[in-house]
Structure formats: C-alpha cells, structure tokens
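S.K.: have a look at this fold, sequence not included:
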C-alpha cells in the first residue's frame, strides 16, 4: 500500500515552527511520508513543491495571523497545478470566525492550536485521496 504523502509548509513570515515540527513527527510516526518545506514559504513555492512531490495532502501551519490572505493566494495556484482534488488542511492560530472562509477556500481540515495530534492523523488517514 502506498504511503500517504504530505507536504507541510510554513507560509508567510511566520517564524514559529515548533508546532509544525511536532505535527510532522506525528505524521511520520503514523506512517505518512512527510516533506517539510521549512519556514517562510510563498504560496507559489508551496504549490510547486506539492506538484513536484505529487502530494496527497497539502498541509499549512500558520501562527502569525496571515492564514486568510495566504490561503486566498494559494487556492488558485493549487487548482492551476491540478491539485484541487488533493486534501488541503491547515493548523495553527486559527480563530473560529475564520473557519467558514477557510472551508470555502477548500481547506477540509482545520486544526486550531489546541488540536490533538491523533485527531490530525485520523482526519488525514480518513480523507486523503
């Protein structure tokens, strides 16, 4: 059985990557293949890596409050790259008031900072294409 491949990115100027690294480790421990892009990724770079890596899941970690503008820019780039049918998830500092717009942009999994690692793993396992 093919491993689920997750591209995990830290978009924008967000310099807080400890949570992303913890999530990356939990996903690897669960048997997923994880490509962590590192800090300060542009939407263009995220879409390119996801396409180059043939990702099943595009995962973002955002703690700096710029998640909506970044996701608005990323959505058309992912669609143009033919990645509209992949699972898009986002975690981090995500106020409840932004969840509906994130879902409307195509992010099926929304995981605020308090989310349990097991819940993230189970959601991806259940929803990855």
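M.R.: Happy to help now that I have it. Quick caveat, the model's predicted, so the values are computed rather than measured. Residues are numbered from 1 along each chain as shown.
S.K.: which residues in this protein form helices?
M.R.: 18-29, 43-52, 67-80, 99-104, 117-127 (DSSP state H).
S.K.: correct me, but residue 49 touches residue 7?
M.R.: Yes - Residue 49 lies in contact with residue 7 (C-beta atoms under 8 Å); the separation is 5.5 Å. No exception for glycine: its C-beta is placed from N, CA and C like everyone else's.
S.K.: what do the two both touch?
M.R.: Counting by C-beta atoms under 8 Å, 6 or more residues apart in numbering, the contacts common to residue 49 and residue 7 are 35, 37, 55.
S.K.: what is the neighbour count of the spatially closest residue to the last one that is not a sequence neighbour?
M.R.: For residue 55, ignoring the flanking residues on the chain, the nearest one in space by C-beta to C-beta, 6 or more residues apart in numbering is residue 7 at 4.2 Å. Other residues near residue 7 come to 26 when the count uses other C-beta atoms under 10 Å.
S.K.: pretty sure residue 7 is touching residue 60, no?
M.R.: No - counting by C-beta under 8 Å, residue 7 does not reach residue 60; the two are 9.4 Å apart.
S.K.: now for these two: what residues contact both?
M.R.: With C-beta under 8 Å, 6+ apart, residue 7 and residue 60 have common neighbours residue 46.
S.K.: tell me the pLDDT at the most centrally placed residue in the chain?
M.R.: Centroid check for the chain by C-alpha atoms, centre = their mean gives residue 59 as the closest residue, at 1.2 Å. pLDDT recorded at residue 59 is 98.
S.K.: beta partners of it?
M.R.: Legend: beta-bridge partners of residue 59 under DSSP bridges are residue 8, residue 89.
S.K.: now do the same contact list for it.
M.R.: Residue 59 touches 6-9, 23, 88-91, 124, counting by C-beta under 8 Å, 6+ apart.
S.K.: perfect, I'm done here.
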